[in-house]
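A.B. asks: Sequence plus the predicted model coming up.
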Protein chains: 2
Amino acid sequence: MKHNFYAGPAILPKEAIEKSIEALRDFAGMGLSLIEISHRSKEFEAVMTEAQQTVKELLNINDDYEVLFLQGGASTQFLMVPYNFLEKKAAYLDTGAWASKAIKEAKLFGDVEVVASSKDKNYTYIPKNFEVPADADYLHITTNNTIYGTEIREDFDVNVPLVADMSSDFMSRPVDVSKYTLIYAGAQKNVGPAGVTVVIVKKDALGKVSRQIPTMMNYKTHVDKGSMFNTPPVFAVFATLQTLKWLKNNGGVEAIEKVNIEKANMLYDEIDRNKLFKPTVINPEDRSRMNVTFVMNDEYADLDKEFLDFAAKNDIVGIKGHRSVGGFRASIYNALPLESVKHLVNVMKEFEKQH
Amino acid sequence: MKHNFYAGPAILPKEAIEKSIEALRDFAGMGLSLIEISHRSKEFEAVMTEAQQTVKELLNINDDYEVLFLQGGASTQFLMVPYNFLEKKAAYLDTGAWASKAIKEAKLFGDVEVVASSKDKNYTYIPKNFEVPADADYLHITTNNTIYGTEIREDFDVNVPLVADMSSDFMSRPVDVSKYTLIYAGAQKNVGPAGVTVVIVKKDALGKVSRQIPTMMNYKTHVDKGSMFNTPPVFAVFATLQTLKWLKNNGGVEAIEKVNIEKANMLYDEIDRNKLFKPTVINPEDRSRMNVTFVMNDEYADLDKEFLDFAAKNDIVGIKGHRSVGGFRASIYNALPLESVKHLVNVMKEFEKQH
């Protein structure tokens, strides 16, 4: 058995993969594969409806909001957000590479005020106590920074509409959705395969900018058509639904949060303890529960490659750190079993003994 | 066995579905599912490269062109085309609902001249002998009109750059790509599952408009990064590659064109012969080889529902016509076996006998 620590696309529940395989063979008893039937069939329409409902149920979302399943990843949301909400000025919190990309796109549509940045320390912390200009159309935050291993876990109160890129920690904890105007998440980190993006949008916030919005870039298009304006990414929506159902059957976000805390604590404790390693994020409250980044302690810096090889020999996959941080990154998303974290910790201990 | 005449998402080769199932179980011997591995792994990068190469090989495309695999469907191409190519004025040929949607988006970016339209006769023919203004930045055509059953099968010469939406007849025949500046096709009609769009773009045509183009809307972004600027729709790309390989192993577009002609002739001959039915497209050269639209002859108009029921009882799926045409539509894409067309013809004959 492989222990899959990929940062995304990432590990999915076995059950979700099995259900997807079954549907590829014969979908809903139709005698046809999931990928060769009309998205307008009542059988697929039921999938789309259930997927929307399941997101609403898991996060306790009221009817002021619509749940969308779109294409193009978070990278397309970087563009759709200002297209739909930026009239004059937007505020952005710069917590990493993805936040910076969102900022770059927003600048094409209006003024952008970066309210705070942790770039000075290679994004190893979450800036606090920043001020948001009262005339900003919205504040955009990135709740989890996959590359740098930092996370904002608080649904904070802010004086302007709040927009959050939750791509890499979506559904990892309960979220008070009522504090957000829009939440988006590329599915391939924590809730599904690549190819679909979940968007939760407050309906009455739409239609307020003066520009003309191209049809596909307009959230309203997709709200009005229940994410079926054009052909949705059928397979990705189906597999995401199976992942969400697995989550629901296992106690939902409340239960998974407990497991996620246990997994994260176990791994951070070992990193803090083990003489070979050190964390890249020092402040415990800024540490991501999804992507745990660590490097070799200075005196063992030359063991980097050797540890990667040792991990690979022990069936550990995907823990090479992003090139802009180096070292290691263990992504421990919802579907990663506690056993895999235990195994990684044991491998770290074993490696320590050898040196 | 079901006979799958859906208009899209549509029938795929059994082999492509089987290979996709295998990869969901264990991709490339990695011990992990295709949908839970990094798109940056060498194993998936090989899939993307082979998919691009196979498109190039099948259509004999030279290195002046790049093949892209994007998200968002043809509906997003309606927007990306003018974003990237419309400086002042574009020419569009209006052959149906999809062409009209493309026109609507282009108008957000500049002047649009509709060079000809067949709307006067509910799009039942392809307009001919239209003139294209020499100062148009490009001419946009829709080669196959899924709803109305018409098709442009000629790679015509035109005095401005040619852009074609080939969503529903892509890879159904050899195409002289050198006559086009850009070709796009939502995969879910003829070459794969929903969730990926194939784009063939002439590289030196890019970068000529004066506007700033958002990153994800810029073809150059995707050309420069080999369709891996952001996470591609991994499953859809893989399944499309399997479909393209099936096509290649069966003689490529030259061989499939012969089969497509045989299938289309067989069905149109029956429609023309059978006293109960009549074609909606009269001119044989305008008739689509992919979507065969027909209705009840006037004196049998009340048999509409009965024929649908009779077809369903005989395991025929997806032949209800689009609401704007009515009657029936048999989509006979590459992967639909000749046997299914024979079966439909027999069912039509049998139904005729009963009345």
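C.D. replies: Sure, I can see it.
A.B. asks: And stretch A:186-205, how far out from the chain middle?
C.D. replies: In terms of CA atoms, centre = their mean, to the nearest Å, the centre of stretch A:186-205 is found 9 Å from the chain centre.
A.B. asks: So it, near chain B or not?
C.D. replies: Yes. Using CB under 8 Å from any CB of the partner chain, we find that stretch A:186-205 touches chain B at A:Gly186, A:Gln188, A:Pro193, A:Ala194, A:Gly195, A:Val196. Where you see a C-beta, it was placed from the backbone N, CA and C, and this is true even at glycine.
A.B. asks: Widest-spaced pair of those?
C.D. replies: Maximum pairwise distance in those, criterion CB to CB, is 10.4 Å, between A:Gly186 and A:Pro193.
A.B. asks: quick revisit: any chance of a ChimeraX selection covering the buried ones in the residues of stretch A:186-205 next to chain B?
C.D. replies: Applying 16 or more other CB atoms under 10 Å in any protein chain shown to those, the buried members can be selected in ChimeraX as follows:
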select /A:186,188,193,194,195,196
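A.B. asks: How about the contacts made by the residue of the stretch 51-200 of chain A found nearest chain B?
C.D. replies: Going by CB to the nearest CB, chain B is nearest to A:Gly195 of the stretch 51-200 of chain A, at 3.2 Å. By CB atoms under 8 Å, 6 or more residues apart in numbering or on different chains, the residues touching A:Gly195 are A:71, A:187-188, A:233, A:235-236, B:71, B:195-196, B:232-236.
A.B. asks: Could you dump the residues you listed into a markdown table with secondary structure, pLDDT and distance to B:Gly29 added?
C.D. replies: Below are the contacts of A:Gly195 laid out as a markdown table (DSSP: H, G, I helix; E, B strand; the rest coil; pLDDT from 0 to 100; distance: CB to CB, whole Å):
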| residue | secondary structure | pLDDT | distance to B:Gly29 |
| --- | --- | --- | --- |
| A:Gln71 | coil | 98 | 30 |
| A:Ala187 | coil | 97 | 26 |
| A:Gln188 | coil | 97 | 22 |
| A:Pro233 | coil | 98 | 27 |
| A:Phe235 | helix | 98 | 22 |
| A:Ala236 | helix | 98 | 24 |
| B:Gln71 | coil | 98 | 28 |
| B:Gly195 | coil | 98 | 25 |
| B:Val196 | coil | 98 | 24 |
| B:Pro232 | coil | 98 | 21 |
| B:Pro233 | coil | 98 | 23 |
| B:Val234 | helix | 98 | 17 |
| B:Phe235 | helix | 98 | 18 |
| B:Ala236 | helix | 98 | 22 |
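A.B. asks: SS state for the closest residue to A:Asn283 other than its chain neighbours?
C.D. replies: Nearest residue to A:Asn283 in three dimensions, chain neighbours excluded: A:Tyr125, at 5.7 Å (CB to CB, 6 or more residues apart in numbering or on different chains). Following DSSP: H, G, I helix; E, B strand; the rest coil, we place A:Tyr125 in the coil state.
A.B. asks: and what of A:Ala7?
C.D. replies: Following three-state DSSP, A:Ala7 is assigned to coil.
A.B. asks: tell me the contacts of it?
C.D. replies: A:Thr146, A:Ser168, A:Lys189, A:Asn291, A:Gly318, A:His322, A:Arg329, A:Ser331, B:Ser38.
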